[in-house]
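Visitor: here is my input, please return the structure:
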Amino acid sequence: MAEILDQNKVGQYVGTTQILDTGLFDEVDINSAVFKEILIRLSQTVNSLSMAVNAKESGQYYLTEFVNSNVYFNETSTSQFDLRPVFRKVVNVGALAAGAKNTAHGLTIGSTWSFTRMYGAASNTTTNKYYPIPGASLLLSCDATNVIVTNNTGLAFTKCMVVLEYLKQ
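Guide: Okay, the predicted model is just below:
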């Protein structure tokens, strides 16, 4: 059967070995204990698969808010199982000249919010220059209204994308 790994171990993986002998289906009586056992094993397998898939981080990056499958501890709870979902949103900053550029993120940030990660990249597809954000000469911050990228590289960029990841409670 698919095994869900302990929270303290790395990753969530579903076993790939055969869990049921498919030959059992050929002659099984649907009123038998064997059939009931098959149904129980199938139910457990589907549950294990669902748990593993739901625990995987989503590699989807949208311009709208998205729950990315990450979870954080809850600082107001003593239970290790009381977790909070992480939300993700991409902000397309567009072209980036020297200095600070404010781009509206469209979020209504509440007093219980916390940002967990802010990152991105600036690209110049004409000169093939690509810089990570934040970096030594590219600063990134966020306020209640905008994502602020400060470009101190001396270069202009044709594209800039920023990813915000945050908790709402």
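Visitor: number of nearby residues for R88?
Guide: By other Cβ atoms under 10 Å, 22 other residues sit near R88. The way it works is simple: take the backbone N, C-alpha and C, and place the C-beta from them, glycine included.
Visitor: relative to S32, how far out is it?
Guide: According to Cβ to Cβ, to the nearest Å, R88 and S32 sit 48 Å apart.
Visitor: domain parsing for the protein?
Guide: 1-56, 66-167 (automatic domain parsing).
Visitor: using TSV, please lay out the ones you listed together with mean pLDDT.
Guide: Below are the domains of the chain laid out as TSV (pLDDT from 0 to 100):
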stretch	mean pLDDT
domain 1-56	72
domain 66-167	95
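Visitor: pick the most buried one from those.
Guide: For these, the largest average neighbour count (mean count of other Cβ atoms under 10 Å) is found in domain 66-167, namely a mean of 15.
Visitor: got the end-to-end distance for that one?
Guide: With Cα to Cα, to the nearest Å as the measure, domain 66-167 spans 12 Å from end to end.
Visitor: go on, stretch 61-71?
Guide: End-to-end distance for stretch 61-71: 17 Å, by Cα to Cα.
Visitor: what is the longest helix along the chain packed up against?
Guide: Counting by DSSP state H, the longest helix found in the chain is helix 33-55. Packed against helix 33-55 by the contact rule (3 or more Cβ pairs under 8 Å, 6 or more residues apart in numbering; DSSP states H and E) you find helix 24-27.
Visitor: what sits up against the helix it packs on?
Guide: If you take Cβ atoms under 8 Å, 6 or more residues apart in numbering as the criterion, helix 24-27 is touched by V34, I38.
Visitor: CA atoms of it as PDB?
Guide: Output of helix 24-27 as PDB, limited to C-alpha atoms (Å, rounded to 0.1, in the frame of the first residue of the first chain):
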ATOM      1  CA  LEU A  24      -8.200 -11.400  -7.400                       C
ATOM      2  CA  PHE A  25     -10.800  -9.500  -9.400                       C
ATOM      3  CA  ASP A  26     -11.400 -12.400 -11.900                       C
ATOM      4  CA  GLU A  27     -13.100 -14.800  -9.600                       C
END
